[in-house]
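Trainee: Below is the sequence, then the predicted model.
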Amino acid sequence: MSKLINVGFGNIVNSDKIIAIIMPDSAPAKRLMQNAKKQGTSIDATHGRKIQSCLIMEGSQVVFSALTPETIMDRFQNGIAQRGDVKK
């Protein structure tokens, strides 16, 4: 069963497909975001707010989120703990 995670404002992604969650501040991250926008492989889930994190997905897609990487990681870990996949 796929594990879904809320990346803000009701937008949900398949957590099994996430490769990395990065901050958008560095030059390489900005280049990656710009290239994804040009190629049409970006998904903007910010609802017009500032991009706080970029989720690098399988298949070269990049999801922009207004949530920080720490918040997304907490949601992911809480979801695993609630399902009982990991012992506390």
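Mentor: Yep, that arrived.
Trainee: I'd guessed Val13 sits against Ser2; true?
Mentor: No - contact between Val13 and Ser2 fails when scored by C-beta atoms under 8 Å: they sit 9.9 Å apart. (Glycine included, C-beta is placed from N, CA and C.)
Trainee: which one of the two has more residues nearby?
Mentor: Neighbours per residue (other C-beta atoms under 10 Å) separate Val13 from Ser2, with Val13 holding more: 21 against 8.
Trainee: And the helices in this structure?
Mentor: Taking DSSP state H to define them, one finds helices in the chain at 27-39, 69-83.
Trainee: quick one, which of the ones you listed is nearest to Glu58?
Mentor: Taking C-beta to C-beta as the criterion, helix 27-39 is the member of the helices of the chain that comes nearest to Glu58, at 13.6 Å.
Trainee: So which elements touch the closest one?
Mentor: For helix 27-39, the helices and strands in contact under the criterion 3 or more C-beta pairs under 8 Å, 6 or more residues apart in numbering; DSSP states H and E are strand 53-57, strand 62-65.
Trainee: No further questions, thank you.
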